[in-house]
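Chemist: 3D model of this:
(one chain, ligands or ions: 2)
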Amino acid sequence: MHKENVYILGIESSCDDTAAAVLHNGKVLSNIIANQSIHEAYGGVVPELASRAHQQNIVPVVDQALKTAGISKNQLSAVAFTKGPGLMGSLLVGSSFAKSLAFGLDIPLIEVNHMQAHILAHFIDKEGYEKPEFPFLAMTISGGHTQIVRVDDAFDMTVIGETIDDAVGEAFDKSGKLLGLGYPAGPEIDKRAKLGDPKAYKFTKPKVKGLNFSFSGLKTAILYFIRDQSKNNPEFIAQNLNAICASIQYTIVGILMDKLKLAVQETGIKSIAIGGGVSANSGIRTALKNTEQKYGWKTYIPAFEFTTDNAAMIGIVGYLKYLKNDFAPQNTMATARLKL
Ligand code: KG4
Ligand code: ZN
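Modeler: Ligands and ions are numbered 1, 2, ... in the order given. Presented below is the predicted three-dimensional model:
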């Protein structure tokens, strides 16, 4: 099999974004995402509605990805898709589509672990972005996941810490909901945090041993705090929204940084890459950048379009697996709780 002109179609459908991308030898030619605004009205992703929207979006999104890339489907070398983890109904749409397309075109099918893809997104060719050297630590932070992973090689990863309850993105989104902000609240909290005093209010950090995280206690603490303050002053939230957002963000960033510091201490690895929607947060970006001067860490923050859920990251894993002839059988199954 010749490996000179490799065109990979990546398909991502694990949660509420239907995404398709075409990569040529590891370079992104197109990266299309259809977001599902339907969930905003519910303040969170509704799985049943997500799978229906994927069903509607998948063909137009793939079509657009091929058109933008300027290639025909007959030029594809392989189809890579998200096997898991994610919502079962959502995964089934992408995996069934990928299988059918690969079967119809008689080309290899490649299965991709979504969490591995968030990490390997750092290996997409992009001007101005450096690729991390092995070994490094990856912190994947999003609405669905919170993990610290030791990465010894592209296909040798070990989870050394993860959340025991909510994901960090959920901590942002659920706190925002308590404050009456829309979904997802992370970006709005970030924006307001820049205008408020981060030390105005203090929330206790969870006491979880080792490298694991917990965020459900923080949500409860914020709930009680707002309830008590609003009893005395019904206008409390409206009058102090920026300071509340700043304090919440300060606490969450503190929790993430504490665990990263511990992970560096335990592994001796000072090279840190982050990924997932929450890595767009300005607080975590600044805190991370500061460690370069302060502790001599080397940090990697991906380009925004490869940070949140996208198919280019599925495509890059597809490309790396293609080079190793690591193909999936047609009877492969989407797996909601796929481990790294
Ligand atoms: O990776 P992503 O698009 O989807 C998954 O959850 O997999 O991440 C979405 C999450 C949401 O919880 C959203 O509130 C959060 O990322 N987020 C942010 C920011 N931008 C997105 N959280 C804090 N600050 C931000 N700037
Ligand atoms: Zn994700």
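
Chemist: Can you give me the pLDDT of the closest residue to ligand 2 within the stretch 151-300 of the chain?
Modeler: Among the residues of the stretch 151-300 of the chain, Gly276 lies closest to ligand 2, at 5.5 Å counting by CB to the ion. Placement of C-beta: from N, CA and C, glycine included. With respect to pLDDT, Gly276 scores 93.

Chemist: Pull the number of nearby residues for the residue in the stretch 201-340 of the chain positioned nearest to ligand 2.
Modeler: Closest approach between the stretch 201-340 of the chain and ligand 2, counting by CB to the ion: Asp309, at 4.5 Å. By the criterion of other CB atoms under 10 Å, Asp309 has 26 neighbours.

Chemist: Spit out the contact partners of it.
Modeler: 12, 14-15, 17, 19, 33, 114, 142, 277 (CB atoms under 8 Å, 6 or more residues apart in numbering).

Chemist: So which of these is the closest to ligand 2?
Modeler: Closest to ligand 2, out of all of the contacts of Asp309 and judged by CB to the ion, is Ser142, at 4.6 Å.

Chemist: How many residues are close by that closest one?
Modeler: So Ser142, with other CB under 10 Å, has 25 neighbours.

Chemist: do the same with Pro329
Modeler: By other CB under 10 Å, neighbour count at Pro329 equals 8.

Chemist: do the same with the one 10 residues further on
Modeler: Per other CB under 10 Å, the neighbour tally for Lys339 reads 9.

Chemist: and if you look at Tyr295?
Modeler: 10.

Chemist: That one is in contact with Ser271, isn't it?
Modeler: No. Applying CB atoms under 8 Å, one finds Tyr295 not in contact with Ser271, separated by 11.9 Å.

Chemist: Could I get the buried residue list for stretch 34-47?
Modeler: Under the neighbour-count criterion of 16 or more other CB atoms under 10 Å, stretch 34-47 has 34, 36, 39, 43, 45-47 buried.

Chemist: now check that stretch, is it near ligand 1?
Modeler: No. Residues of stretch 34-47 are not located near ligand 1 by CB under 6 Å from any ligand atom, the shortest gap being 8.4 Å.

Chemist: is that stretch up against ligand 2 anywhere?
Modeler: No. Using CB under 5 Å from the ion, stretch 34-47 never reaches ligand 2; the gap is at least 11.8 Å.

Chemist: Tell me where this structure has strands.
Modeler: In the chain, the segments counted as strands under DSSP state E are 7-12, 17-24, 27-35, 78-84, 109-113, 136-141, 146-153, 156-162, 271-275, 298-300.

Chemist: Which strands or helices does the shortest one pack on?
Modeler: Contact partners of strand 298-300 among helices and strands, from 3 or more CB pairs under 8 Å, 6 or more residues apart in numbering; DSSP states H and E: strand 271-275, helix 282-295.
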